[in-house]
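S.K.: let me see the structure of the following:
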Amino acid sequence: PTPANVLICNIGELAQIFSGGYLMATPHRVLRPQDSRISLPVFYNPKLDHVMESMVNPEELTWNRQVQNQWLRKENTLMGSVGENSFKSLARSHAEVFKRHH
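M.R.: Reported below is the predicted structural model:
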């Protein structure tokens, strides 16, 4: 359960790339909430051939996570190209469909 008066912001892999790893992408999963909530998804879609680059140097930022790299998945390589990263994420999310068609 989510504590009262809390804002949770889940971000995706492109935000992790352009923040230089300062922000960590959370695994996408959909769970039915036990209590009421307001959900406001926001998507940004750069051109597929755009290559994301880090905008900041994480060492210049000060923020101590309680659990370092808690969302880091070693088997999940982040690609700079928006299209390559999107394709990889779709293949991971829909493995059965990709087995049949790719």
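S.K.: OK, contacts around the spatially most central residue of the chain?
M.R.: Closest to where the C-alpha atoms of the chain average out (C-alpha atoms, centre = their mean) is residue 12, at 2.2 Å. Residue 12 makes contact with 25, 28, according to C-beta atoms under 8 Å, 6 or more residues apart in numbering. In this view, the C-beta of every residue, glycine as well, is placed from N, C-alpha and C.
S.K.: now with 10 Å, please.
M.R.: 23, 25, 26, 28, 43, 44, 85, 86, 89 (C-beta atoms under 10 Å, 6 or more residues apart in numbering).
S.K.: could you measure from the second one over to residue 8?
M.R.: Here the distance between residue 25 and residue 8 works out to 14 Å (C-beta to C-beta, to the nearest Å).
S.K.: isn't residue 83 right next to residue 14, touching?
M.R.: No. If you go by C-beta atoms under 10 Å, residue 83 and residue 14 don't touch, sitting 11.4 Å apart.
S.K.: of those two, which one has the most company?
M.R.: Taking neighbours as other C-beta atoms under 10 Å, residue 83 and residue 14 compare with residue 14 leading, 21 against 14.
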